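predicted model, plus sequence, below.
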Amino acid sequence: MHGFLVLVHLVLLGLRISAVEHHLVTSENDAWMSVLGASTQAFYALYCVILVYLVQRLTLYRNSIRHQKLTILHDNVNAWSGLGSALQCLWQQSSNTGSLWWIASIATYLGCVFALHVASSSILQLQTFTATTNMSATTFSHWPGPDIDMMGLQWHTISAIVPSLGHFTNGATGNATVNATTFRAECGLLRNSEFSYTPELNANQFGGYVIEPQVSGYEQTTKWSGRLVPPYQNQLAVSSSMSYLFPGPTIVFIVPMSIDVDDSLKSATVQHMNWEHQFDSPQAPIISTVLDAHLIACNIYVEHHTATVAMETGQLLALLPPPVLSPPLDWKAWTAPKGDNTWDIWSPPGFGQYNHIHYKWFVSPFRFGAMHPVDICMTQSRAACYKISLLELYFMDEIGLPVVLDKQASRPPPPSGPKKVLCSRRQFESSLSKIFASLLWTGAKLGSDAGGFDPTTGSTVVSRQVMKWRLNINSWPMTVALAASLTMLVLSIYMSGGIYRQKKQDTHR
């Protein structure tokens, strides 16, 4: 039986070296941990009881057939009472050489039993580790399909929600790999040699537009007359009429403020507009002030990626192919969109005699979305008033141009004083891209019943990090148990090995 115990420890030692036991993985709960500990201790306790009983009987039997002195036999019996008794007998009989070796052997044997009892609780344990499991999950794409009429969405509702968006979390855990579509804006200043507006005095805000082929895509210059109420100084506004003249995915902002560019580009892109002011009396004269502005045209590109996101927090973990990180960019002149110069996704083409107009859904939330209730008027005429959308206010706040509108702001004085400087091109482009992404996300969340569109369902694989338990053999307790079992084997042979030889000698007598 001692040999079997040594063999068990040698097998466990071999398993520990090869780490084969790590392949034994339990379920995701710790119920087996207490079962394993109790079973191991019970096995060692029961096995050691049997070993002690057998070795004690064999030792006493050997001493009896060898006709030992009564004192030695008495000391041996007392030593087998327990480890404490064995140590006490060893101390008292230190001068008796005949009984000293027997008591020392018994004390060592019982000490090894004690070591096995202590080490048994930690030889086999369940070790926690993090495992990755994959599971299928349903995805909802917030990207509209080609059959969605983007011009027919209720942008009034959608644009009112975007400025108040918070951070939404998910109750799920793990990492998901999904298809991601992002917006990228590329903005520049329109040259007045390519696109210009010349206001007409006392013409009820009408003026002349001149568009060159570089913008319109036609072979000849286009001219026509139209009404334009420019935004007030240090504000900006989206011009739907100008944006519709671009055949590509382009949106145009009127920006009456300073832009950090060199003098040559500034003179090549400045647009001279009129800001008319009239006091409260309708008979008061109209004061006309030149308002220098710039037209910023932004090409909107759509890029497709494969994204890995954390389900619980929504944090983006990886994006493939990775976005190209460009250095800080200075403002430059606008260039036509790269690639196909037509915008045929979700928006209807031109029609009838207005085939030069190219409607675009991403202009609608700015000009036809939810509006601030305060009208900003230049004169007593309603034709000289304009509204600012909530989305324009949100965009101005994102780029560092907060605007507070109240009753006093409805009739601002003639523009004067130094102008504010527009933000960097990178901040302008990233804020605009963020708004377009938020618009589609909100539209998909609302659904078709609430004025948005229904998200497209799909499937993906979610990788979850879960806690599991695997069998582990601890090195130090295993070494102690092996040394104790080997010592017990040697001592058992020493204390009981002469029984049969003694019986044979007694028979010959």
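Nice, thanks for sending it over.

can you show me the strands along the stretch 401-509 of the chain?
In the stretch 401-509 of the chain, the strands defined using DSSP state E, counting those that start in this stretch lie at 456-473.

which residues of it fall in helices?
425-446, 475-496, 499-508 (DSSP state H, counting those that start in this stretch).

Arg184 is nearest to which of the ones you listed?
helix 425-446 (5.9 Å; C-beta to C-beta). Yep, even glycine has a C-beta here, placed from its N, CA and C like the rest.

could I get the closest one in CSV with only the CA atoms?
Coordinates of each C-alpha in helix 425-446 appear next as CSV, following Å, rounded to 0.1, in the frame of the first residue of the first chain:
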residue,chain,number,x,y,z
ARG,A,425,-10.2,72.2,-40.6
ARG,A,426,-9.8,68.9,-38.7
GLN,A,427,-12.2,69.9,-36.0
PHE,A,428,-14.7,71.2,-38.5
GLU,A,429,-14.6,67.9,-40.5
SER,A,430,-14.7,65.5,-37.6
SER,A,431,-17.7,67.4,-36.0
LEU,A,432,-19.6,67.3,-39.3
SER,A,433,-18.9,63.6,-39.7
LYS,A,434,-20.1,62.9,-36.2
ILE,A,435,-23.3,64.7,-36.8
PHE,A,436,-24.1,62.7,-40.0
ALA,A,437,-23.4,59.4,-38.1
SER,A,438,-25.6,60.5,-35.2
LEU,A,439,-28.4,61.3,-37.6
LEU,A,440,-28.5,57.8,-39.1
TRP,A,441,-28.1,56.2,-35.7
THR,A,442,-31.1,58.2,-34.4
GLY,A,443,-33.2,57.5,-37.5
ALA,A,444,-32.6,53.7,-37.0
LYS,A,445,-33.4,53.9,-33.3
LEU,A,446,-36.7,55.7,-34.0
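
could you give the angle of that helix to strand 456-473?
100 degrees (axes from the mean of the first three to the mean of the last three C-alpha atoms, to 10 degrees).

I'd like the average pLDDT over helix 425-446.
Across helix 425-446, pLDDT averages out at 91.

what are the ranges of the strands in the chain?
124-141, 175-189, 195-199, 206-211, 222-227, 237-238, 250-255, 270-278, 286-310, 316-320, 376-377, 385-386, 456-473 (DSSP state E).

using CSV, please lay out those together with mean pLDDT, mean neighbour count and distance to Ser424.
Formatted as CSV, the strands of the chain follow (pLDDT from 0 to 100; neighbours: other C-beta atoms under 10 Å; distance: least, C-beta to C-beta, whole Å):
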stretch, mean pLDDT, mean neighbour count, distance to Ser424
strand 124-141, 73, 13, 32
strand 175-189, 79, 18, 11
strand 195-199, 88, 19, 23
strand 206-211, 87, 16, 28
strand 222-227, 84, 12, 32
strand 237-238, 94, 23, 20
strand 250-255, 94, 24, 14
strand 270-278, 86, 19, 20
strand 286-310, 84, 17, 13
strand 316-320, 71, 12, 23
strand 376-377, 86, 20, 27
strand 385-386, 88, 16, 27
strand 456-473, 73, 15, 36
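
tabulate the ones you listed (CSV), appending distance to Pro413.
As requested, the strands of the chain are exported to CSV (distance: least, C-beta to C-beta, whole Å):
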stretch, distance to Pro413
strand 124-141, 50
strand 175-189, 28
strand 195-199, 19
strand 206-211, 23
strand 222-227, 23
strand 237-238, 19
strand 250-255, 20
strand 270-278, 7
strand 286-310, 9
strand 316-320, 46
strand 376-377, 12
strand 385-386, 16
strand 456-473, 51
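
for Thr269, see how far away the residue nearest to Gln271 when sequence neighbours are not counted is.
Distances taken as C-beta to C-beta, 6 or more residues apart in numbering put Ala293 closest to Gln271, at 5.1 Å, once the chain neighbours are dropped. Ala293 sits 10 Å away from Thr269 when distances are taken as C-beta to C-beta, to the nearest Å.

which residues touch the closest residue to Met257 other than its chain neighbours?
For Met257, ignoring the flanking residues on the chain, the nearest one in space by C-beta to C-beta, 6+ apart is Lys419 at 4.6 Å. With contacts taken as C-beta atoms under 8 Å, 6 or more residues apart in numbering, Lys419 has the following neighbours: 233-234, 256-258.

ranking by neighbours, what's the top pick from these?
Most neighbours among those, by other C-beta atoms under 10 Å: Pro256, with 22 neighbours.

that one touches Gln235, doesn't it?
Yes. Using C-beta atoms under 8 Å, Pro256 makes contact with Gln235 at a distance of 7.1 Å.

and the helices in the stretch 51-200 of the chain, which stretches?
Secondary structure of the stretch 51-200 of the chain, counting by DSSP H, counting those that start in this stretch: helices at 70-79, 83-92, 97-123, 155-161.
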